Each structure stands twice: as C-alpha cells, then as structure tokens.
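[1] need a 3D model of the sequence below.
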Amino acid sequence: MMSAQNNGLQTEFQRKGYMLQDQFLTAEQCDHFLDIIAQFKQKNESPEIYRKVRGRSLRYSVIDGEKIEQHLPEIAHLYQKVNEFVRDVSNKELVPLDNKKVGINVNITPRGGEYRWHYDRNAVTVLLYLNEVRGGELELYPCYRIYLKNQRLLFLQRWLDRIIQIGAIRHFFGKKVVVQPTQGRMVMMQGTRCLHSVRPVEDDRERINCVFSYDTPDAKFLVEKNLDRYLYTQEALTSDPNYVASTDSSQAS
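    Residues are numbered from 1 along each chain as shown. You can find the predicted model right below:
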C-alpha cells in the first residue's frame, strides 16, 4: 500500500472528491483474502439481500463487520491499517465507525447482481477490489449532492436527494465516472457527497470487494437502525430508509 505523502493524493482527493489507486493491494494479497473468504463461505451462510428499486435494485450478499471481526481478523486488521492512509489523504481525523456491523464489509455480488443508487452515511468510503469480473462497474457522480448540513432540514435534504437522482437530471448536471473492478484497485470517495451505484455483474464469477467506512469520532447517523435492517437482513421493508422521512429524532442519516 502506498503512502499518501508527497504524491499529490491529498490535492486530488480534495479537488475531485474521490481518487483511484491501482495496485493498492498486490495480486498475492488479493488472492489470499479471496481464499479466506471462500473458506468462510464454505462454513457460514451469507444470504442474498434483494430489494427491488426502480432504476437499479439492491442484490448482493454481504459479510458484515461483526462476522469479519470474529472470523476474518486479517481483513479487520487491513481496515485499521487503511485508516492511516485515509487520514493522510483526507487530512482529517477520521476513524473506523462505532457500528462494527457497518464499518467493514465484504460485498459479494453474483451474476446479475447490482447495487442501488445511494449516498453513504459516512464521510469517507474506501472500496478495495479483490478480483476482476465483466460488468459490475462502479458508477460515480463525484461531489454531486446538494448537501444541507442542518439536520432540521432533513425533509428537504431527502427531497433534493430524490430529485437529483433522476436519470435525466444526472445526465445533464452530473459528470459520471465509471470504474472497472480490477484486482488490487482502490477507490476512496467522499461517501456523503458522491452519488454512486454498481452496474449488473455479467460474469459467472462473483464480484468480491471490501468496503471500509470512516468518519469523525463524534459522528452520528439518522435512520441507522432501519438502514441496517434494509442492507443486512431479508426483512420486508417498503422503502429505502435513506430517503424516507423519520420522526424519530434519536436516530441519525
């Protein structure tokens, strides 16, 4: 893994809202992580999560951070190590999320699987691709969100989020970046500002990547409990909690 010092990555990330780094992990590292993930899958069930969404649905399997901490400690260690890189590049005091289920995930996307358009709950997200497949590209609109920091404007924020996700508006007002899943490639983005999604996987092989989430030490997130149910369980939920108004002020988004 490269250091962020003296290579202009800080400037690139702050200016563009995202950055890419090829060969962030070596092929040997990726293959090792793929092996231990395969061993985990042989012994543990990872049910497929499917949420029908207009435009692009949510269909994938996930190994959440609690399971990773217990069964895949090498990936948990990598999460902590990448944190140093994230601090350097962002020039901010960012830390792993308190919510261990969410902080680190392994996403496993089968043929035909995809991931809905969304913003992340956390300030910075890092994606690490462990293998290369046909399809499954990340589509990204950097710094696209009209972000209202005042939580009292939550209803307006959700209305704006829905409007600017409309395809025609994205086409005319956004600048799309497409990232091919390539073994060892890293993507780091401003999670709350960058609209992103994953195209359907076309390969017979599963698309496997790590997702690492970081934020400030005092960060709180609205609708956290409902969003966790949406992303990690097969419970029947009618809508994406990211974009449904909540009257529970004890939760955060």
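
[2] then Met189 would be within a strand, right?
    Yes: counting by DSSP: H, G, I helix; E, B strand; the rest coil, Met189 is found in a strand.

[3] which pLDDT value belongs to it?
    pLDDT, Met189: 97.

[4] so how far is the lowest-mean-pLDDT helix or strand in the chain off the chain centroid?
    Ranking every helix and strand in the chain by mean pLDDT, DSSP states H and E puts helix 154-164 at the bottom, with a mean of 83. The chain centre lies 20 Å from the centre of helix 154-164; the measure is Cα atoms, centre = their mean, to the nearest Å.

[5] output the contacting helices and strands for that helix.
    Helix 154-164 is packed against helix 167-173, with contacts defined by 3 or more Cβ pairs under 8 Å, 6 or more residues apart in numbering; DSSP states H and E. Yep, even glycine has a C-beta here, placed from its N, CA and C like the rest.

[6] what's the offset of the helix it packs on from the middle of its chain?
    22 Å.

[7] how far is the following helix or strand past it from where the chain is centred?
    Using DSSP states H and E, the helix or strand that follows helix 167-173 in sequence is strand 177-179. In terms of Cα atoms, centre = their mean, the centre of strand 177-179 is found 14 Å from the chain centre.

[8] partner strands of strand 177-179, with direction?
    strand 138-141 (antiparallel) (DSSP bridges).

[9] ok, and what's touching the partner strand?
    18, 127, 170, 174-179, 181, 187, 189, 194-199 (Cβ atoms under 8 Å, 6 or more residues apart in numbering).

[10] mind showing which ranges of the stretch 1-150 of the chain have poor pLDDT?
    Within the stretch 1-150 of the chain, the segments meeting pLDDT under 70 span 1-7.

[11] run the last query once more with 50
    Scanning the stretch 1-150 of the chain for pLDDT under 50 picks out 6.

[12] what about stretch 188-204, start to end distance?
    For stretch 188-204, the first-to-last residue distance is 27 Å (Cα to Cα, to the nearest Å).

[13] mind listing what's buried in that stretch?
    By 16 or more other Cβ atoms under 10 Å, the buried positions in stretch 188-204 come out as 188-201, 203.

[14] out of those, who's nearest Phe24?
    Nearest to Phe24 out of these is Met188 (Cβ to Cβ; 9.3 Å).

[15] what residues does that closest one make contact with?
    Met188 neighbours (Cβ under 8 Å, 6+ apart): Phe13, Tyr18, Met19, Gln21, Val86, Val89, Val124, Thr125, Val126, Leu127.

[16] in JSON lines: these, plus distance to Gln80, neighbour count and secondary structure.
    Putting these into JSON lines (distance: Cβ to Cβ, whole Å; neighbours: other Cβ atoms under 10 Å; DSSP: H, G, I helix; E, B strand; the rest coil) gives the following:
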{"residue": "Phe13", "distance to Gln80": "20", "neighbour count": "21", "secondary structure": "helix"}
{"residue": "Tyr18", "distance to Gln80": "22", "neighbour count": "24", "secondary structure": "strand"}
{"residue": "Met19", "distance to Gln80": "20", "neighbour count": "20", "secondary structure": "strand"}
{"residue": "Gln21", "distance to Gln80": "18", "neighbour count": "21", "secondary structure": "strand"}
{"residue": "Val86", "distance to Gln80": "11", "neighbour count": "22", "secondary structure": "helix"}
{"residue": "Val89", "distance to Gln80": "16", "neighbour count": "24", "secondary structure": "helix"}
{"residue": "Val124", "distance to Gln80": "15", "neighbour count": "25", "secondary structure": "strand"}
{"residue": "Thr125", "distance to Gln80": "16", "neighbour count": "23", "secondary structure": "strand"}
{"residue": "Val126", "distance to Gln80": "12", "neighbour count": "23", "secondary structure": "strand"}
{"residue": "Leu127", "distance to Gln80": "17", "neighbour count": "20", "secondary structure": "strand"}
